[in-house]
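Visitor: structure here, sequence nowhere to be found:
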């Protein structure tokens, strides 16, 4: 049940990462209290909220990109960070060398993750047999990535700096150490705006809901162990798919729900065996994909 007035939250905006590099992000603290439709207040179901964290994060990233692009006349483009993984969406026109200059923390995590993955596939038990699978699954990689992030996490800085000081320091550091010419750094917004029109011209005016549903279902089937998933997995992947498809253009706020509904109706099989009342709720139905779906990426995007 959705609270009629939404959730009560406090937002804390940060402009830098622990490494001191630019990283605009928000921390959002949600209250466990919400208003019921009858006007009274009660505790929200925190388990459901936690289960939908990935879908909420995907929505947040999508909306932030759309607001930035519409406000500044920009567009986004995919950038492959790790082969075989989903691309991340970046502002088009920003030199990749400059993006890598900000990603020192990511490089540290990636190095540590590679070491942890090697340890994972080579660990043996007391009998000398492999303790884990010879290939790191997506679920195991996610857990190892969290461990790598914690192991490489630097301490917080005690001294705060104003945004104006941060921007001045970042600019000087980028000019000196990023390898990007100072002229490109000084004209970063102009060059990003110049790159946007060509991308926006290729954005579909109408999203093919069924085609998106097929792509999303195929991806979720591949990304989840055993090919089984819940509605929230489809919702999170749909929002990532729309961010990739629309490149920063704002969409109909209900489009993601329409795509998920099409996926469930036409491309998924309900394999639920609910033994509890919650198991019979739509959000807890268990699905698998129909067998006639294409592999992700094989469907041409218009």
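Guide: Received, thanks. In this text, all values refer to a predicted model and were calculated from it rather than measured experimentally.
Visitor: alpha carbons only for contacts and neighbour counts from here, please
Guide: Noted.
Visitor: give me the pLDDT value at the residue lying farthest from the centre of the chain.
Guide: No residue in the chain sits farther from the centre than residue 127, which is 40.4 Å out by CA atoms, centre = their mean. With respect to pLDDT, residue 127 scores 81.
Visitor: same check on residue 295?
Guide: On pLDDT, residue 295 comes in at 56.
Visitor: I'd like to know how far the nearest residue in space to residue 131 that is not next to it in sequence sits from residue 140.
Guide: Of all residues beyond its chain neighbours, the one nearest residue 131 is residue 124 (4.7 Å), with distances taken as CA to CA, 6 or more residues apart in numbering. From residue 124 across to residue 140, the span is 17 Å (CA to CA, to the nearest Å).
Visitor: cool, and residue 173?
Guide: Relative to residue 140, residue 173 is positioned 37 Å away (CA to CA).
Visitor: go on, residue 150?
Guide: 16 Å.
Visitor: how far does stretch 250-266 sit from its chain's centre?
Guide: Distance, stretch centre to chain centre, for stretch 250-266: 18 Å (CA atoms, centre = their mean, to the nearest Å).
Visitor: wait, I meant stretch 229-239
Guide: Counting by CA atoms, centre = their mean, stretch 229-239 is centred 12 Å from the centre of its parent chain.
Visitor: for stretch 123-132, same thing?
Guide: Distance of stretch 123-132 from its chain centroid, counting by CA atoms, centre = their mean, is 34 Å.
Visitor: ok, now stretch 172-191?
Guide: 27 Å.
Visitor: in it, which residues are buried?
Guide: 174-175, 178, 180, 185, 191 (16 or more other CA atoms under 10 Å).
Visitor: part of a helix, is residue 56?
Guide: Yes. The assignment for residue 56 (DSSP: H, G, I helix; E, B strand; the rest coil) places it in a helix.
Visitor: OK, contacts around the residue nearest to the spatial centre of the chain?
Guide: Nearest residue to the geometric centre of the chain (CA atoms, centre = their mean): residue 58, 4.5 Å. Listed by CA atoms under 8 Å, 6 or more residues apart in numbering, the contact set of residue 58 reads 236-237, 239-240.
Visitor: measure it to residue 37 for me?
Guide: Residue 58 is 27 Å from residue 37, by CA to CA.
Visitor: check what pLDDT the nearest residue to residue 59 once chain neighbours are set aside gets.
Guide: Closest residue to residue 59 apart from its sequence neighbours, by CA to CA, 6+ apart: residue 239 at 6.0 Å. Listed pLDDT for residue 239 reads 97.
Visitor: and the one 5 residues further on, by the same measure?
Guide: Per-residue confidence at residue 244 stands at 95 (pLDDT).
Visitor: near it, how many other residues are there?
Guide: Counted with other CA atoms under 10 Å, the neighbours of residue 244 add up to 17.
Visitor: what separation do you get for it and residue 61?
Guide: In terms of CA to CA, residue 244 sits 11 Å off from residue 61.
Visitor: so which strand or helix has the residue nearest to residue 59?
Guide: Element membership for residue 239 (DSSP states H and E) is helix 231-246.
Visitor: closest one of the buried residues of stretch 172-191 to residue 263?
Guide: Nearest to residue 263 among the buried residues of stretch 172-191, counting by CA to CA, is residue 191 at 38.7 Å.
Visitor: quick one: contacts for residue 64?
Guide: By CA under 8 Å, 6+ apart, residue 64 has no neighbours at all.
Visitor: name the element it belongs to?
Guide: Counting by DSSP H and E, residue 64 is part of helix 53-72.
Visitor: and the residue lying closest to residue 267 once chain neighbours are set aside, how many neighbours?
Guide: Distances taken as CA to CA, 6+ apart put residue 290 closest to residue 267, at 5.5 Å, once the chain neighbours are dropped. When neighbours are defined as other CA under 10 Å, residue 290 has 15 of them.
Visitor: mind checking how far residue 290 is from residue 264?
Guide: Going from residue 290 to residue 264 by CA to CA gives 10 Å.
Visitor: same deal with residue 66?
Guide: From residue 66 over to residue 264 (counting by CA to CA), the distance is 27 Å.
Visitor: phi, psi of residue 11?
Guide: Dihedral angles of residue 11 (phi, psi; degrees, to the nearest 10) stand at phi -110, psi 130.
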